[in-house]
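Chemist: sequence first, then the predicted structure, then my questions.
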Amino acid sequence: MPHVRNMRRSRVMAALSVLLLFLGACAQNTEAPVPPAKTPSPSSANSLPAGSVLLGQPGASSAARSSPATPMASDSLRRERETGRLGGASLSHYPYPLPPYYPRPPILTPGVDRFPDKEPTSVLSTAEHPVSTFSVDVDTASYAFVRRSLTGGRMPPRESVRVEELINYFPYTYPTPQDRARPFRVTTTVIPSPWSAENQLLHIAIRGYDIARAEHPRANVVLLVDTSGSMQPSDRLPLLQQGFRLFAQQLRDDDRVAIVTYAGQAQTALDPTAGRDKHKIIEAIDNLRAAGSTAGGEGLQRAYALAERHFEKQAVNRVILATDGDFNVGITDPKELERFIVGKRKTGIYLSIFGVGVGNLNDALMQRLAQAGNGNAAYIDSLLEARKAMSEEMSSTMFPIADDVKIQVEFNPTRVAEYRLIGYETRMLRREDFNDDKVDAGDIGAGHTVTAIYEITPVGAKQSHIDPLRYQSERRELYAPSAVGRADELAFVKLRYKMPGETTSRLIEQPVRSADALAKIDSAPAEQRFAIAVAAFGQRLRGESALDSYTYASIADLANAARGPDPEGYRAELVRLIRMAETIGAVAQR
């Protein structure tokens, strides 16, 4: 059938013609090859599209800033989307909208952040070392950094995990003191260890006296803000600005705030201003911009000079430093910085530190300076953490009720064979430091709680870490309690502190009796059980051998059962972080 063959040949030719026309149109609209993306300069960090660095997520490291957040290929896609054409074809019927850009995953440079590298406290023989002494620690920086690492899908560096800071991150409803003249109440609980069948845990809970807002003294505060170039990403200076706005809202009319910035040099961004002028304070906060090097030493000198100029003996005088890293201009030697801050602390001006960012975070220096300045160190990884640290808990941070708070525990060698303090590696003191009022220690703010946990091995336990001494029976006679009534004591807890402005310390003492030990962990109050779960989590993250057989799942179950009232969701968040650590570990093993 010739006519049928002709029709088929005509159809094929028509189809080929259409195809050739289509290919020609595509060739005319095809763009030139996209050149390789160039590394932006540090000053271009502010041009990152909104959302390219998420608050509370890793990705603000120096390595991340050196990688383009928006590849040039996506600029091409965005232009094509705006014109409605992609390679000559219309997008009007494309079933899924193209994203405005393709964010690259955050890059975290390993080994750049610096942390105090202290080995976990070891197991000690009570016969040889019956006394343990340390300074209290109310810092919370470690927990927030651990959270940022885990939510970013990676395990935190071992040295970044300070167990006591994980424990003390959470508010606890411990029994409160009734008298401001005796501003602390100490509660001790002896509980079976959930990870070692024969061992016990001595839980020491300290609750500080809370001051009503109407009784708060005036605040004379200088905000010292790092505005160097590395502070440009959204999880650094912009995040701090949001937090400082919340801080400004908490100011009373008679409070006073100044702002000092430092980059290549230090500048005064806001002269001391009354709290009633909140609009002026917030405007100064909003006008902060990041660029330049890091003259932190000069910034500290200027900030303290402003605080001294308006010093009030009856007010709270404090410098609040907010930074992501090193001081590389001016005073840079950590020991010299520490000596400078110690000298200012003696005049009554304290220092608190807020750390931000990942990649060049010098947490080790921040810890040293905060301890030298009788202040606390916090890490701001999200707006919610900024709200917690700069608004909700600012009263306990700003208004100290006691200085140089030290704890000393003496264990009874006839009852306790070994003990181990969980955490506080950077806060250890010598035995003689406890009674020396010249030795500096941590301060505690209004309403603050402090928790310390010892793992103890009773005398006669089969699983002992330290072999008995050859002449142990003779040593026990030497250590036998000398007075009637002491034989039942497991330990004796002493708390030493100074009232603000005083130079002579005061003492609180309390025995821990074996008769008060609980037979089951379920019998312990929820607050104590939750603190133990947090301690287990921190030790597990650090890879401590004591927790080898205690799984993340067991820790999560213990924490979940002890959550109790959790209005802000902090405890529920911990359970999620435990599950995240468990998941990361399982993936890494495949």
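Modeler: Yes, it's here. Numbering: from 1, shown residues only.
Chemist: which parts of the stretch 301-450 of the chain are strands?
Modeler: 316-323, 349-355, 377-379, 400-411, 416-421, 442-445, 449-458 (DSSP state E, counting those that start in this stretch).
Chemist: chain center to the longest one: distance?
Modeler: Taking the mean of its C-alpha atoms, strand 400-411 sits 22 Å from the chain's own mean (Cα atoms, centre = their mean, to the nearest Å).
Chemist: how about stretch 416-430?
Modeler: With Cα atoms, centre = their mean as the basis, the mean position of stretch 416-430 lies at 22 Å from the chain mean.
Chemist: now do stretch 284-299
Modeler: 23 Å.
Chemist: quick one: buried residues of that stretch?
Modeler: For stretch 284-299, the neighbour count (16 or more other Cβ atoms under 10 Å) marks 284-285, 288, 290-299 as buried. Quick note: C-beta positions are derived from backbone N, CA and C, even for glycine.
Chemist: what's the closest of those to Gln367?
Modeler: For these, the minimum distance to Gln367 (Cβ to Cβ) is 15.2 Å, reached by Gly296.
Chemist: next up, phi/psi of the closest one, please.
Modeler: Note on Gly296: its backbone torsions stand at phi -70, psi -40 [degrees, to the nearest 10].
Chemist: correct me if wrong: it contacts Thr261.
Modeler: No - the pair Gly296 / Thr261 is not scored as a contact, 10.8 Å apart, by Cβ atoms under 8 Å.
Chemist: shared neighbours of these two, which are they?
Modeler: Shared contacts of Gly296 and Thr261, defined by Cβ atoms under 8 Å, 6 or more residues apart in numbering, comprise Asp226.
Chemist: any chance of JSON lines for the buried residues of stretch 284-299, columns pLDDT?
Modeler: Formatted as JSON lines, those follow (pLDDT from 0 to 100):
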{"residue": "Ala284", "pLDDT": "96"}
{"residue": "Ile285", "pLDDT": "97"}
{"residue": "Leu288", "pLDDT": "95"}
{"residue": "Ala290", "pLDDT": "91"}
{"residue": "Ala291", "pLDDT": "87"}
{"residue": "Gly292", "pLDDT": "80"}
{"residue": "Ser293", "pLDDT": "78"}
{"residue": "Thr294", "pLDDT": "77"}
{"residue": "Ala295", "pLDDT": "75"}
{"residue": "Gly296", "pLDDT": "78"}
{"residue": "Gly297", "pLDDT": "83"}
{"residue": "Glu298", "pLDDT": "87"}
{"residue": "Gly299", "pLDDT": "89"}
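Chemist: in helices, which of those residues fall?
Modeler: Those of the buried residues of stretch 284-299 mapping onto helices are Ala284, Ile285, Gly296, Gly297, Glu298, Gly299, per DSSP state H.
Chemist: so what's the second one up against?
Modeler: Read it as Ile285. Gln241, Phe244, Arg245, Ala248, Ile259.
Chemist: pretty sure Leu223 sits against Ala258.
Modeler: Yes - judged on Cβ under 8 Å, Leu223 makes contact with Ala258 at a distance of 7.2 Å.
Chemist: for the residue most central in space within the chain, which non-adjacent residue is closest in space?
Modeler: In the chain, the C-alpha closest to the average C-alpha coordinate belongs to Ala141, at a distance of 2.1 Å (Cα atoms, centre = their mean). Take Ala141 and drop its neighbours on the chain: the residue closest to it by Cβ to Cβ, 6 or more residues apart in numbering is Tyr379, 3.9 Å away.
Chemist: that neighbour bridge partners, please.
Modeler: Going by DSSP bridges, Tyr379 is paired in beta bridges with Gly355.
Chemist: tell me how far it lies from Gln367.
Modeler: 11 Å (Cβ to Cβ, to the nearest Å).
Chemist: now do Gly348
Modeler: Relative to Gln367, and taking Cβ to Cβ, Gly348 is found at 22 Å.
Chemist: just want to know which of the two has more residues nearby.
Modeler: Neighbours per residue, other Cβ atoms under 10 Å: of Gly348 and Gln367, the larger number sits with Gln367, 23 against 18.
Chemist: coming back round to it: okay if I get the ones in helices among the buried residues of stretch 284-299 as JSON lines plus distance to Gly375?
Modeler: JSON lines is the format used below for those (distance: Cβ to Cβ, whole Å):
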{"residue": "Ala284", "distance to Gly375": "23"}
{"residue": "Ile285", "distance to Gly375": "21"}
{"residue": "Gly296", "distance to Gly375": "16"}
{"residue": "Gly297", "distance to Gly375": "18"}
{"residue": "Glu298", "distance to Gly375": "20"}
{"residue": "Gly299", "distance to Gly375": "16"}
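Chemist: tell me the one among these nearest to Thr503.
Modeler: Using Cβ to Cβ, those come closest to Thr503 at Gly297, 29.0 Å.
Chemist: the closest one and Leu337 touch, don't they?
Modeler: Yes - at 6.5 Å, Gly297 counts as touching Leu337 under the criterion of Cβ under 8 Å.
Chemist: just to revisit the earlier point, check what pLDDT the residue nearest to the centre of the chain gets.
Modeler: pLDDT for Ala141: 94.
Chemist: same deal with Leu86?
Modeler: 36.
Chemist: please apply the same query to the one 10 residues further on.
Modeler: Tyr96 carries a pLDDT value of 38.
Chemist: so which of the strands of the stretch 301-450 of the chain is nearest Arg529?
Modeler: With Cβ to Cβ as the measure, strand 449-458 is the member of the strands of the stretch 301-450 of the chain nearest Arg529 (11.5 Å).
Chemist: strand partners of that closest one, parallel vs antiparallel please.
Modeler: Assessed with DSSP bridges, strand 449-458 is paired to strand 200-208 (antiparallel), strand 416-421 (antiparallel).
Chemist: other residues contacting the last one?
Modeler: Strand 416-421 is contacted by residues 121-127, 132, 134, 202, 411, 452-461, 464-466, 490-491, 546 when judged by Cβ under 8 Å, 6+ apart.
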